[in-house]
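Undergrad: generate coordinates for the sequence data below:
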Amino acid sequence: MNALGIILAIIAIILLFTGGFVQTLNFLLWVGIVLLVIAAIVFLMRFISGRRV
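TA: Here you go, the predicted structure:
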């Protein structure tokens, strides 16, 4: 997984926890979910294509 994917995954996890603990910042939960999905798609695309950069 490239550096961008790792950074997106870390940010997504942080935002998921923040959104879960603070109900008034509920939009962070959705941002975290979207970023986590994007990171997963990037990882899967690189894994399926077999490119190692």
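
Undergrad: mind checking how far Phe27 is from Val34?
TA: In this view, Phe27 and Val34 are 11 Å apart by CB to CB, to the nearest Å. Just so you know, the C-beta spots here come from the backbone N, C-alpha and C atoms, and that holds for glycine as well.

Undergrad: the two: who's more crowded?
TA: More neighbours sit around Val34 than around the other of Phe27 and Val34, counting by other CB atoms under 10 Å; the figures are 13 against 10.

Undergrad: next up, the contacts around the more buried one.
TA: Counting by CB atoms under 8 Å, 6 or more residues apart in numbering, Val34 makes contact with Ala12.

Undergrad: can you do 10 Å?
TA: Shown here is Val34, whose contacts under the criterion CB atoms under 10 Å, 6 or more residues apart in numbering are Leu8, Ala12, Leu15.

Undergrad: residues contacting the second one?
TA: When contacts are counted by CB under 10 Å, 6+ apart, Ala12 is found next to Val31, Gly32, Ile33, Val34, Leu35, Leu36, Val37, Ile38, Ala39, Ala40.

Undergrad: next step: the contacts of Val34 restricted to strands.
TA: Counting by DSSP state E, none of the members of the contacts of Val34 fall within strands.

Undergrad: tell me the one of those residues nearest Ser49?
TA: Looking at the contacts of Val34 and their distance to Ser49, the nearest is Leu8, at 18.0 Å (CB to CB).

Undergrad: okay, now the closest residue to the closest one other than its chain neighbours: neighbour count?
TA: With CB to CB, 6 or more residues apart in numbering as the measure, Ala39 is the residue that lies nearest to Leu8, at 4.0 Å, once sequence neighbours are left out. Burial of Ala39, expressed as a neighbour count using other CB under 10 Å, amounts to 21.

Undergrad: in the helix or strand Ala39 falls within, what's buried?
TA: In the assignment (DSSP states H and E), Ala39 maps to helix 26-49. By neighbour count with 16 or more other CB atoms under 10 Å, helix 26-49 contains the buried residues Leu28, Leu29, Val31, Gly32, Leu35, Leu36, Ala39, Val42, Phe43.

Undergrad: no further queries at this time; thank you.
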